[in-house]
Structures are given as structure tokens and as C-alpha cells.
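In: what's the 3D shape of this:
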Amino acid sequence: SRRNILVPVPRVETIEKLNNTLLAGCLEYRHHQIQGRSQTVGQQSETDCFALHRLPAYVFDTSKSVPARVYDDSTVQFDRNRYSVPVELVGRQISVKAYGNHIACYHNAEKVAHHTRSYGRSDTFFQLEHYLPLLEQKPRSVYHSKPVRKSAAVELLDWGKTFPHDAKDTVKLLKLSVEFGVNRLLAIRDQLPAGIKPSIELIRSELNPPIEPIPHLTGDISVNTIDLAAYDRKYKVVGQ
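Out: Residues are numbered from 1 along each chain as shown. Sure thing, here's the model as predicted:
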């Protein structure tokens with residue numbers, strides 16, 4: 001597989017993209033028929049499956065699990081690096097599960113954070129959504145907050161300064177970016193006519209357009225007429 005798929009050596013940004021390239025190549029190779037064989041590679045693999053044991057009922061957890069205390073900046077440390085978790089967990093003990101490519105954080109058996117694992121040293125990785133509750137309480141810190149400066153789009157912060165309520169609206173804008181994506185918000189910004197003062201209500205109306213009214217029927221609906229006098233005659237007979 002390495003000679004057939006990974007030569008020349010592919011240039012990728014993440015291990016996930018490399019794995020996807022390898023998977024796509026392996027699936028394509030299933031259609032290949034080796035010289036002298038009566039079946040393709042895929043057909044042979046299906047035949048081999050009958051001789052294999054079933055997979056285990058539970059997946060073996062390959063992670064390295066360690067307890068960690070959440071620091072005042074709402075991060076936990078693992079292997080010389082720090083990763084953010086929701087701010088309401090500051091000061092608590094959580095579990096960190098480290099896999100080959102990612103980090104998962106758990107509190108009371110509930111997954112609270114997920115990060116790409118770094119093999120560098122002394123790096124800190126923030127996720128904006130972890131700090132939004134605190135920013136809503138202290139909106140004036142939004143432009144100076146380290147998690148915001150390291151994880152929020154500069155274009156979004158600059159745009160937020162043009163809103164009527166400045167810092168408060170910027171926090172709301174960041175919250176919308178977590179829910180709908182930065183690119184969608186910037187697309188709305190670029191589509192606004194010149195001279196229009198942006199507002200959070202305007203952005204929300206663009207993100208959640210009103211439901212279109214039910215169209216009017218173009219033709220008349222035919223209704224069969226009923227002789228209601230038949231009911232009068234029936235009840236008259238019963239009454240007698």
C-alpha cells in the first residue's frame with residue numbers, strides 16, 4: 001500500500017488528511033486484479049472474511065488517561081501543552097484522554113472538550129465557545145482576552161466594533177460565529193448594502209429568514225353540494 005499509494009510522498013497538513021488519502025487509495029485498490037488471480041482484491045478480501053473472527057463487542061480504549069486540574073484560565077495541562085475546557089469547570093478535577101491524534105476531556109463521564117493533539121512544547125490551544133459565558137458577563141474584556149485574540153477571526157472583531165453596542169454586540173457576534181460559522185457571517189457582512197448600519201437583530205434575521213407564506217391556490221376547489229334537509233327529515237322521524 002505504501003509503494004502504490006504513498007509514492008511520491010504526499011504533502012498534507014494533518015494526519016487525518018493523510019489517513020483519508022490512504023483510505024481512498026485502499027478502496028480504489030479493491031478493484032485491482034492481480035495477474036494470475038481469478039478475483040479482484042476486493043472479492044478476495046470478502047472471501048477471506050468468512051475465515052475471520054468477529055470483532056469484539058467493545059472497542060478497546062487506546063488512550064492514555066490522566067486526571068487533571070482545571071487552571072484559572074480554564075485550561076488543563078497534558079504532555080507539556082495546555083488545552084481549554086468550559087469556564088464553569090475552573091478549579092475542578094477532570095479526566096484527560098490522550099489519543100494519537102486528539103485530546104478528549106471528560107467531567108462526570110461527560111465529554112466536555114475535544115482538541116487536536118499537539119506534539120510541540122509549551123503551546124496553549126483555546127476554543128472560543130469555552131469562554132463565551134464569561135465574556136457575556138464581562139463583555140468589555142472581549143478585545144483584550146487572550147482566548148479571543150488567539151481563536152477568533154480578526155475580521156469578525158473589527159466588524160463588531162462597528163455595531164451600536166460595540167463590545168456587547170461583538171460577544172453576541174462571536175456566539176453566532178460558533179453556531180453558524182465565521183464564513184457565513186462574513187458573507188452576510190459583504191452582502192449588506194453600503195450605508196446600512198449593522199445590528200445583531202439584522203444579522204439574526206439573515207441567518208434565520210422568516211418562513212415563506214403558504215402560496216395561494218391558483219384554481220378553484222370544487223365542492224359537492226349536500227342536501228342538508230335530509231338530516232331534518234331524519235330527526236323529525238326520530239322525534240315522532
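
In: what's the weakest-modelled helix or strand in the protein?
Out: Scoring the helices and strands of the chain by mean pLDDT, DSSP states H and E places helix 229-239 at the bottom, with a mean of 64.

In: and the strands in this protein?
Out: Secondary structure of the chain (DSSP state E): strands located at 64-69, 75-78, 81-84, 93-98, 102-107, 110-116, 124-125.

In: tell me which other helices or strands the fifth one touches.
Out: Read that as strand 102-107. strand 93-98, strand 110-116 (3 or more CB pairs under 8 Å, 6 or more residues apart in numbering; DSSP states H and E). Any C-beta I mention is one placed from the backbone N, CA and C, and that applies to glycine too.

In: quick one: the helices in the protein?
Out: For the chain, the helices defined by DSSP state H cover 2-5, 15-29, 41-49, 132-137, 146-151, 154-160, 167-180, 182-191, 200-207, 229-239.

In: would CSV of those with mean neighbour count be doable?
Out: Shown next, in CSV, are the helices of the chain (neighbours: other CB atoms under 10 Å):
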stretch, mean neighbour count
helix 2-5, 10
helix 15-29, 13
helix 41-49, 12
helix 132-137, 16
helix 146-151, 16
helix 154-160, 15
helix 167-180, 19
helix 182-191, 14
helix 200-207, 14
helix 229-239, 9
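
In: my guess is residue 156 meets residue 176, correct?
Out: No - if you go by CB atoms under 8 Å, residue 156 and residue 176 don't touch, sitting 9.4 Å apart.

In: what's the overlap in contacts for those two?
Out: When contacts are counted by CB atoms under 8 Å, 6 or more residues apart in numbering, residue 156 and residue 176 are jointly contacted by residue 185.

In: burial check on residue 86, number of neighbours?
Out: 20 (other CB atoms under 10 Å).

In: who touches the closest residue to it other than its chain neighbours in this structure?
Out: Nearest residue to residue 86, sequence neighbours excluded (CB to CB, 6 or more residues apart in numbering): residue 130, at 4.9 Å. Going by CB under 8 Å, 6+ apart, residue 130 touches 74, 84-87, 113, 147.
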